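K.L.:
Quick one, structure for this:
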Amino acid sequence: MDPATHTIVVGAGPAGLAVAAGLGSRGVPYTLLERSEDVGWSWRNHYERLHLHTVKQFSSLPGMRFPEHVGLYPSRDEVVAYLEAYARRFKVTPRLGEGVQRARREHGLWHVETDRGTHRAKNLVLATGYNRVPREVRWPGQEAFQGTVLHSREFRSGRPFQGKRVLVVGMGNTGGELALDLWESGATVALAVRSPRHVVPRDVYGIPAQVNSLFVLSRLPIALADRLSLRLLDRVVGDLAPYGLPRPSEGPLTQVVERGRIPLIDIGTIALVKQGKLPVLPPPERFTPTGVVHADGVERPWDAVLAATGYHPGLEELLEGASQVLNERGYPRVHGAESALPGLYFLGFRNPLTGQLHDIAREARRITAALGGA
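P.N.:
Now for the predicted structure:
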């Protein structure tokens, strides 16, 4: 068992690096634990075409901007390079390859058990990520399917699927973008959608959607922001119900705040839907050896099924007493401040319309100020 330190930070992605850098700059002793062998592991393992949907000016971590040569919407590789440079600049040296098994509070200290031993600290910052654990779905008959079934976490590029028939299940930002990538790579693609989702263009009249959210919508009451958003979406997106994408009954801001349900930030998927190149189908009910029977009762042949069914943080697995600090969806009740358990902080478990990295930077400053005694 290691001697107790001031703070343990778990996760060396953007959130963990931001807190570690802030604590280090204040001279606060900390230990940063990371289960993988690199900082920014999740970003390194995302699909190749991924770019931020938020602009670089509002996506930097505290104390360091993105380089000038990086484009408005940084690519996956540019984000990874930025995180590496950030760790070097602030001399953040995580204990790599040390996965956390369980954390508990005992006798006034946090005991964090890893696959190498136990660490103790007065404070614990969990920054393990909004998307730590994939939501795996299994359908009846799936084991008899002769094609390929994979979760979106396993997808890197559409190139291996050229000439194949691919069903993408789920139309969040990952599903929408992977369907676009597959179509551009020469696959025959369809989207299977279970529930309505709002669609927001990444840029509206040349202005990034994030900028509108930061400076307009986030400052308004939710009901008013919903009304304004829906009027704008009527003009720039239109009615998608004829294409199989009815609008949700709740407004986009209400869904984000109350349900954590993020709109599809569209970068070209909806144009393909409207052109009939990317049909929207009912969700799968069961598999057959050569395809899928959809909820409309029609069997359709597929060579591959890509499950863009999302992720969850999996905090219940890591944290003893999790029910005291998590909501019914398994996400923290308190963000960027001390939770109901003494010395416990969460960072990076929200994905607001204003941008996750922007949110991380803002809340990392609050956490480091609290832990640094400011």
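K.L.:
Go ahead and confirm Phe145 touches Phe287.
P.N.:
Yes. With contact defined as C-beta atoms under 8 Å, Phe145 and Phe287 form a contacting pair (4.4 Å). For every residue, glycine as well, the C-beta is placed using N, CA and C.
K.L.:
between those two, which one's more packed in?
P.N.:
When Phe145 and Phe287 are compared for neighbours, Phe287 comes out ahead with 23 against 19, by other C-beta atoms under 10 Å.
K.L.:
any idea which helix or strand carries the more buried one?
P.N.:
Taking DSSP states H and E as the criterion, Phe287 maps to strand 284-288.
K.L.:
Would you mark the buried spots in that strand?
P.N.:
Of all the residues in strand 284-288, those buried under the rule 16 or more other C-beta atoms under 10 Å are Pro284, Phe287.
K.L.:
packing partners for that strand?
P.N.:
strand 291-294 (3 or more C-beta pairs under 8 Å, 6 or more residues apart in numbering; DSSP states H and E).
K.L.:
tell me the average confidence for the strand it packs on?
P.N.:
The pLDDT scores in strand 291-294 average 98.
K.L.:
helices and strands around that strand, which ones?
P.N.:
For strand 291-294, the packing partners by 3+ C-beta pairs under 8 Å, 6+ apart come out as strand 284-288, strand 299-301.
K.L.:
export the ones you listed to JSON lines and tack on distance to Val166 and mean pLDDT?
P.N.:
Putting these into JSON lines (distance: least, C-beta to C-beta, whole Å; pLDDT from 0 to 100) gives the following:
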{"stretch": "strand 284-288", "distance to Val166": "13", "mean pLDDT": "97"}
{"stretch": "strand 299-301", "distance to Val166": "11", "mean pLDDT": "98"}
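K.L.:
Determine which of the ones you listed approaches Leu17 most closely.
P.N.:
Closest to Leu17 of the helices and strands packed on strand 291-294, according to C-beta to C-beta: strand 284-288, at 38.7 Å.
K.L.:
Given the closest one, what are its sheet partners and their directions?
P.N.:
Strand pairing for strand 284-288, using DSSP bridges, gives strand 291-294 (antiparallel).
K.L.:
Compare the helices and strands packed on strand 291-294 and give me the one nearest Ser323.
P.N.:
Ser323 lies closest, by C-beta to C-beta, to one member of the helices and strands packed on strand 291-294: strand 284-288, at 32.8 Å.
K.L.:
Can you list the neighbours in contact with that closest one?
P.N.:
Outside strand 284-288, the residues that touch it by C-beta atoms under 8 Å, 6 or more residues apart in numbering are 139-142, 144-145, 167, 169, 192, 292-295, 299, 305.
K.L.:
Give me the distance between it and the centre of its chain.
P.N.:
Offset of strand 284-288 from its chain centre (C-alpha atoms, centre = their mean, to the nearest Å): 28 Å.
K.L.:
same question, stretch 362-374
P.N.:
For stretch 362-374 - counting by C-alpha atoms, centre = their mean - the centre lies 23 Å from the chain centre.
K.L.:
next one: stretch 299-308
P.N.:
Distance of stretch 299-308 from the chain centroid (C-alpha atoms, centre = their mean) equals 24 Å.
K.L.:
what are the C-alpha coordinates of it, in PDB please?
P.N.:
Extracted in PDB, the C-alpha atoms of stretch 299-308 (Å, rounded to 0.1, in the frame of the first residue of the first chain):
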ATOM      1  CA  GLU A 299     -36.300  -9.600 -43.600                       C
ATOM      2  CA  ARG A 300     -33.400  -7.800 -45.400                       C
ATOM      3  CA  PRO A 301     -30.000  -9.200 -46.300                       C
ATOM      4  CA  TRP A 302     -26.900  -7.800 -44.800                       C
ATOM      5  CA  ASP A 303     -23.200  -8.700 -44.900                       C
ATOM      6  CA  ALA A 304     -22.400  -6.800 -41.700                       C
ATOM      7  CA  VAL A 305     -24.200  -5.100 -38.900                       C
ATOM      8  CA  LEU A 306     -22.500  -2.200 -37.100                       C
ATOM      9  CA  ALA A 307     -23.900  -1.600 -33.600                       C
ATOM     10  CA  ALA A 308     -23.600   2.200 -32.800                       C
END
